[in-house]
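1. Okay, here's the prediction I keep looking at, along with the sequence it came from:
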Amino acid sequence: MKILIVEDEQNLRETIADSLRKEKFVIETAADYYAALDKINDYDYDCILLDIMLPGGSGLDLLRELKRLRRSDSVLIISAKDSLDDKVDGLELGADDYLTKPFHLAELNARVKSLIRRRQAKGDLSIRLGNLSLFPDKRQVEVEGTPLQLNRKEFDLLYYFVANPNRVINKMSLAESVWGDNIDQADSLDFIYSQVKNLRKKLKQAGATVELKAVYGFGYKLTEL
């Protein structure tokens, strides 16, 4: 699951990022309006943590852009501004929740997880495709009710595929979904190939009625058999 943190205060941004990484989220960050605008125009996120007061522009304008793009990313506004008008404006523009600084990281983490659960299948805590059931909050996968053992990267890849069924996804998009801003940790996109190969083998051995297919020259897509 991928989260974008839009916050200009470096210490707070890094503290939030470290906390959410411990919860196994893939994290990307933006320190100003234009960096955030580039991110939301190029990528989808499970949740966006959005400050209102940003260098170069307003977080409310980013909400307007998300609305214009008809995006479904969950948005949690985090701001020192505690006026009723800001809350109302943010919620009317599509934000899902509002948290005023200072806040406890435990509360932030709980709200992020709650928003993601609500977003997934309109509140259902699982995502199903064929006989495959994926539980993002518990990071578990089942095939016909039998647990399927995956490592962290395999789970993140499968989650991305299940959220985008029948869509051709290139290797770079897969790498970004797993590493986020730390994509340089992937020495080569060959690592993605090996992870997809392992994931495909595990799905087949478990009798899953979904299949990871290679699309030559493009990438991969997940389809039902």
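-> Received, thanks.
2. mind listing the helices for the chain?
-> Remark: helices assigned in the chain by DSSP state H are 10-22, 33-42, 59-68, 84-92, 105-119, 152-163, 171-179, 190-205.
3. between those, which one is nearest to residue 146?
-> Among the helices of the chain, the nearest to residue 146 by C-beta to C-beta is helix 190-205 (11.3 Å). C-beta here means a position set from N, CA and C on the backbone, and glycine is covered the same way.
4. ok, back up a step: which one of the helices of the chain lies closest to residue 218?
-> Among the helices of the chain, helix 171-179 sits nearest to residue 218 (C-beta to C-beta), with 9.0 Å.
5. now the closest one against helix 190-205, angle please.
-> 80 degrees (axes from the mean of the first three to the mean of the last three C-alpha atoms, to 10 degrees).
6. and residue 119, what does it touch?
-> 46-47, 72, 74 (C-beta atoms under 8 Å, 6 or more residues apart in numbering).
7. And those residues, which is closest to residue 113?
-> The shortest gap between residue 113 and any of the contacts of residue 119 belongs to residue 47, at 9.0 Å (C-beta to C-beta).
8. ok, the closest one to residue 112 distance?
-> 5 Å (C-beta to C-beta, to the nearest Å).
9. Which neighbours do those two have in common?
-> With C-beta under 8 Å, 6+ apart as the test, residue 47 and residue 112 both reach 3, 76.
10. how about low-confidence regions in this protein?
-> 81-84, 120-125, 181-188 (pLDDT under 70).
11. The residue nearest to residue 212 when sequence neighbours are not counted: how many residues sit nearby?
-> Sequence neighbours aside, residue 200 is the residue nearest to residue 212 in space, at 4.4 Å (criterion: C-beta to C-beta, 6 or more residues apart in numbering). For residue 200, the neighbour count with other C-beta atoms under 10 Å is 17.
12. from what I can see residue 200 touches residue 208, true?
-> No: judged on C-beta atoms under 8 Å, residue 200 makes no contact with residue 208 at a distance of 9.8 Å.
13. quick one: buried residues of stretch 17-27?
-> 17, 19-20, 25-27 (16 or more other C-beta atoms under 10 Å).
14. can you check stretch 131-143 too?
-> Those would be 131-134, 136, 141-143, for stretch 131-143 by 16+ other C-beta under 10 Å.
15. cool, and stretch 211-223?
-> For stretch 211-223, by 16+ other C-beta under 10 Å, it's 212, 219-222.
16. do the same with stretch 156-165
-> So for stretch 156-165, counting by 16+ other C-beta under 10 Å, buried means 156-163.
17. now swap in stretch 28-43 and tell me
-> 28-31, 33, 35-37, 39-40.
18. send the alpha carbons of that stretch over as PDB?
-> In PDB, the C-alpha atoms belonging to stretch 28-43 read as follows (Å, rounded to 0.1, in the frame of the first residue of the first chain):
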ATOM      1  CA  GLU A  28       6.600   8.800  -1.100                       C
ATOM      2  CA  THR A  29       7.100  12.400   0.000                       C
ATOM      3  CA  ALA A  30       6.700  16.000  -1.400                       C
ATOM      4  CA  ALA A  31       8.000  19.100   0.300                       C
ATOM      5  CA  ASP A  32       6.100  21.800  -1.700                       C
ATOM      6  CA  TYR A  33       3.100  22.400  -3.900                       C
ATOM      7  CA  TYR A  34       4.700  21.700  -7.300                       C
ATOM      8  CA  ALA A  35       6.500  18.500  -6.200                       C
ATOM      9  CA  ALA A  36       3.200  17.300  -4.900                       C
ATOM     10  CA  LEU A  37       1.300  18.300  -8.000                       C
ATOM     11  CA  ASP A  38       3.800  16.300 -10.100                       C
ATOM     12  CA  LYS A  39       3.300  13.200  -7.900                       C
ATOM     13  CA  ILE A  40      -0.500  13.200  -8.000                       C
ATOM     14  CA  ASN A  41      -0.500  13.800 -11.700                       C
ATOM     15  CA  ASP A  42       1.800  10.800 -12.300                       C
ATOM     16  CA  TYR A  43       0.800   8.200  -9.700                       C
END
